[in-house]
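1. Need coordinates for the below:
(chains A and B)
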Amino acid sequence: MTAAIPSIALVGNPNAGKSSLFNALTGARQKIANYPGVTVERKAGHTSFADGRPISLIDLPGTYSLTPASLDEAVTRDVILGRQEGEKRPDALIVVLDAANLDNHLCFALELLALGLPTVVALNMLDLAERDGLTLDPERLSRELGVPVVPTVAVRKRGLTELLEAIDGAIRSHQPREAVAAPQNDASLHQRARALATAAIVTETPVRRWTQRVDRIVLHPIGGLIILLALMFVMFQAVYAWARPPADALEGLVGSMQQWVVATLPENFARDLIVEGLLAGVGAVVVFLPQILILFLFILLLEASGYMTRAAFLMDGLMAKVGLSGRGFIPLLSSFACAVPGIMATRAIPDEKDRLTTILIAPLMTCSARLPVYALIIAAFIPDRTVGGVGVGLQGLVLFGLYLSGIVGALAVAFVLRQTIARGNAAGFMMEMPRYQMPQWRDIALGLWQRAWIFLRRAGTIIALTTVVLWLLLSFPRAPDGQSQVEYSVAGRIASGLEVVVEPIGFNHDIALALIPAMAAREVAVSAMATANAIDADGDEEAMAETLGERLQGKWSLATALAFLAWFVFAPQCISTIAITRRETNGWKWPLFMVGYLFLLAYAAAGITYWTAVAFGLG
Amino acid sequence: MTALLANVLDKAPLGVAVRIARIDWTAMSEDEGRRLREFGLLEGCEVTPRHRGSIFSRDPLALTIGRMQVIIRARQAAAIEVEAIVGRGGAA
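-> Got it, this is the predicted structure:
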């Protein structure tokens, strides 16, 4: 007897449509966590047999064989062999094959079949194979392999019932046997796979594949790059343009919640804590949810359509010049939304040094948490006019310059790291290029929901906590009459100490005060300045009426504002990023190094900006 | 004509199918070699180089093998000796 709830693992090559099949089988009933000790995502879900008996499913990272080349491939091997800590060996396997790529995918299938676990083969994406002019004989393949073969079209939910039925049967009728020696992934294995594929293919009409025609344009040495740049441009435009209405709505919602609390609770310590601390702080972060979702929408669409690998192909040459590979492009692009998922995405990079370098430069991509800081300062200090007479806004230009500084800085740092501490072989770049596919709304929606959930959980924990702590530090001890509460508070005194260090680069007390809580998350710099100014203004109606930007205009010089922007291009002010780096690199060495070098760069960049601006008379 | 091009995949023209004559496994790491084999790049099989880098660089190289398209680096392609396919020219 197996355990009460059988656990079944989905396993197969990359691009076999495994995740779509997993999503189709489990729907939204999935849980994403990490395997203990490693940061590879563990995707588990539930479904049930036709008679209602529950089964648990896990979706394993795609790989080509049981000999791993990267961290996530190692997890696949360890789970299947029952070696993964905290994970019981699956009771049965569903081997997912791309019906249009049998001769390659059958190699891994043969290796898996040799293990002797109850196994069913899902002949997936049969519709695409037919589009490519292939007619297959699943029964023939089943006879040759000795296990059930079920044709499936995950995106249309075709074949799912049959698949579950077959796996039920396979578990019931399974005769335990010793695993036979795993076949070597060599010429003989490929020959067997090819022979099997040939036997399974009934007809094969050569069709001119439109994928190749599209690739001739998309992968054109110059045209392809222009298309990629245009896509990136549209993406970043959309992040700003589309996010505004929902962000405004969220802001309104937070505002009305604050009013409701003020109107409902009596004036006391708890009310101030909720309104000024919790709601103001968490609210200031939650308004970025629309931007993050839009960015992820683009990234998920680019990935699901098969374009992302083309982008990696185009960027590989440039990235190779600084010792990285095209593989790093996807994590770095994700880092424009947030470095945390970006750093997590580096686990697909096989080369250790390549991966480490990509992790260390990921925080230099301008993440969405910097936006509120940039937006506040640019709106307050950069005049809203066009330059060059072609309608290019100066404010937008400055923002673009900040993004560009981050990218150039990242490439320079990568180059230096690869020559020094992360020195190693020239990174390899070997990847399968998937066929183009229409993204499935169900997979995209599920992906977006998972991202939103991760983001909101972060806002509800780390950011909520730091905001409350900051509020407490700003509110105590109570200043005697006639003295500034902000200056008198614990936070104010710490800031005065820090001010000595940052004064040479043009930073004032306001900034020193904002920098400390902004260690938790960059966007907290804005809410910290807002809170400090609110407490400072206490009761002064004229001061209260001014916006934060207006107040800063009165207190800061342009040189200081520019130095502040330059600081945030580099400063590693994000606890989540540091924590994820520690987890991904298995220790404190690299996160500490990252924090150190980024602070040095930030200090230097802010200093150079400030001194240059002062020299030009902007101080 | 059974011309051995004495040529490597890295130098082969785009869009023309060639047969892999010999692979110098010592020119690459063990992992790289295994991944090449997992892609199905083995002596005797036919591949068609398709696309090549961007204005930045000749790297990487995309090629068709069977019904798959894979990306490798020029350094690996330089370790793969190819020969012309006899009796039938043009793209696969």
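2. Go through the helix ranked longest in chain B and flag the buried ones.
-> Looking across chain B with DSSP state H, the single longest helix is helix B:30-38. For helix B:30-38, a neighbour-count test (16 or more other C-beta atoms under 10 Å in any protein chain shown) marks B:31-38 as buried. Bear in mind the C-beta positions are built from the backbone N, C-alpha and C, glycine included.
3. What are the contacting residues of it?
-> Contact partners of helix B:30-38, identified using C-beta atoms under 8 Å, 6 or more residues apart in numbering or on different chains, comprise A:64-65, A:67, A:69, A:107, A:185-186, A:190, A:350, A:428, A:430, B:23, B:25, B:28, B:72, B:76.
4. Take those residues and keep only those in strands.
-> Using DSSP state E, the members of these that fall within strands are B:23, B:72.
5. Among the contacts of helix B:30-38, name the buried ones.
-> By 16+ other C-beta under 10 Å, the contacts of helix B:30-38 give A:64-65, A:67, A:69, A:107, A:185, A:190, A:350, A:428, A:430, B:23, B:28, B:72, B:76 as buried.
6. Of those, which is the nearest to A:G146?
-> Compare each of the buried ones among the contacts of helix B:30-38 with A:G146 using C-beta to C-beta and the shortest gap goes to A:C107, at 16.5 Å.
7. Check what pLDDT the spatially closest residue to the closest one that is not a sequence neighbour gets.
-> If the residues on either side of it in the chain are set aside, A:C107 comes closest to A:A193, at 4.6 Å by C-beta to C-beta, 6 or more residues apart in numbering or on different chains. At A:A193, the pLDDT value in this model is 88.
8. List the residues that contact A:A193.
-> Contact partners of A:A193, counting by C-beta under 8 Å, 6+ apart, are A:102-104, A:106-107, A:109-110.
9. Could you do A:A28 as well?
-> Listed by C-beta under 8 Å, 6+ apart, the contact set of A:A28 reads A:446, A:449.
10. Name the helix or strand of the chain that has the lowest mean pLDDT.
-> Chain wasn't specified; assuming chain A. Taking mean pLDDT, DSSP states H and E as the measure, chain A has helix A:541-545 as its least confident helix or strand, at a mean of 59.
11. nope, chain B please
-> The helix or strand of chain B with the lowest confidence, counting by mean pLDDT, DSSP H and E, is helix B:30-38 at a mean of 87.
12. by contact count, what packs against the following helix or strand past that helix?
-> Using DSSP states H and E, the helix or strand that follows helix B:30-38 in sequence is strand B:46-54. When contacts are defined as 3 or more C-beta pairs under 8 Å, 6 or more residues apart in numbering or on different chains; DSSP states H and E, strand B:46-54 packs onto helix A:210-218, helix A:307-321, strand B:18-23, strand B:57-65.
13. To A:K555, which of the ones you listed lies closest?
-> For those, distance to A:K555 was read as C-beta to C-beta. The smallest value, 42.2 Å, belongs to helix A:307-321.
14. gap between the closest one and the chain center?
-> Taking C-alpha atoms, centre = their mean, to the nearest Å, the mean C-alpha location of helix A:307-321 is offset from the chain mean by 18 Å.
15. ok, residues contacting that helix?
-> Applying C-beta under 8 Å, 6+ apart, the contact partners of helix A:307-321 are A:215, A:218-219, A:224-225, A:228, A:231, A:299, A:302, A:325-330, A:333, A:415, A:426-427, A:429, A:431-434, A:436, B:51, B:53-54, B:56-60, B:62, B:71, B:73.
16. ok now stretch A:345-360, how far from the chain's centre?
-> In terms of C-alpha atoms, centre = their mean, the gap separating the centre of stretch A:345-360 from the centre of its chain is 14 Å.
17. so does that stretch get close to chain B?
-> Yes. Judged by C-beta under 8 Å from any C-beta of the partner chain, stretch A:345-360 comes into contact with chain B through A:P350.
18. how about that stretch: buried residues?
-> Judged by neighbour count using 16+ other C-beta under 10 Å, the buried positions of stretch A:345-360 are A:345-351, A:353-360.
19. Please flag which of these sit within strands.
-> Among those, no member falls in strands (DSSP E).
20. from the residues you listed, which is closest to chain B?
-> Sorting these by distance to chain B puts A:P350 at the head of the list, at 6.8 Å, by C-beta to the nearest C-beta.
21. B:I20 is in contact with B:G44, isn't it?
-> Yes. Using C-beta atoms under 8 Å, B:I20 is in contact with B:G44, at 6.5 Å.
22. who has more neighbours, those two?
-> Shown here are B:I20 and B:G44; by other C-beta atoms under 10 Å in any protein chain shown, B:I20 has more neighbours (19 against 11).
23. Now the longest helix of chain B - C-alpha only, CSV.
-> Below are the C-alpha coordinates for helix B:30-38, written out as CSV (Å, rounded to 0.1, in the frame of the first residue of the first chain):
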residue,chain,number,x,y,z
GLU,B,30,32.4,18.1,-19.2
ASP,B,31,29.2,19.9,-18.5
GLU,B,32,29.2,21.6,-21.8
GLY,B,33,29.9,18.4,-23.7
ARG,B,34,27.1,16.6,-21.9
ARG,B,35,24.6,19.4,-22.7
LEU,B,36,25.7,19.3,-26.3
ARG,B,37,24.9,15.6,-26.4
GLU,B,38,21.7,16.1,-24.6
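24. tell me the angle it makes with strand B:18-23.
-> 150 degrees (axes from the mean of the first three to the mean of the last three C-alpha atoms, to 10 degrees).
25. does the residue of chain B found nearest chain A have beta-bridge partners, and which?
-> In chain B, the residue found nearest to chain A is B:S57; the distance is 2.9 Å by C-beta to the nearest C-beta. Beta bridges link B:S57 to B:S54, judged by DSSP bridges.
26. Could you report the neighbour count for it?
-> Residues lying near B:S57 (other C-beta under 10 Å) number 16.
27. Run through the residues that contact it.
-> Remark: with contacts taken as C-beta under 8 Å, 6+ apart, B:S57 is in contact with A:316-318, A:320-321.
28. Now do it against A:M319, distance only.
-> Here B:S57 is placed at a distance of 9 Å from A:M319 (C-beta to C-beta, to the nearest Å).
29. Sort out which of the contacts of helix B:30-38 are in helices and list them.
-> Among those, the members that lie in helices (by DSSP H) are A:107, A:190, B:76.
30. now these as JSON lines including pLDDT?
-> Converted to JSON lines, those look like this (pLDDT from 0 to 100):
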{"residue": "A:C107", "pLDDT": "91"}
{"residue": "A:H190", "pLDDT": "85"}
{"residue": "B:Q76", "pLDDT": "90"}
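31. hang on, the earlier thing: now, among the contacts of helix B:30-38, which is nearest to A:D510?
-> Among the contacts of helix B:30-38, and counting by C-beta to C-beta, the member closest to A:D510 is A:P350, at 46.3 Å.
32. Can you list phi and psi of that closest one for me?
-> Comment: the main-chain dihedrals of A:P350 come out as phi -70, psi -40, following degrees, to the nearest 10.
33. Look at it and report its pLDDT.
-> You'll see A:P350 listed with a pLDDT of 77.
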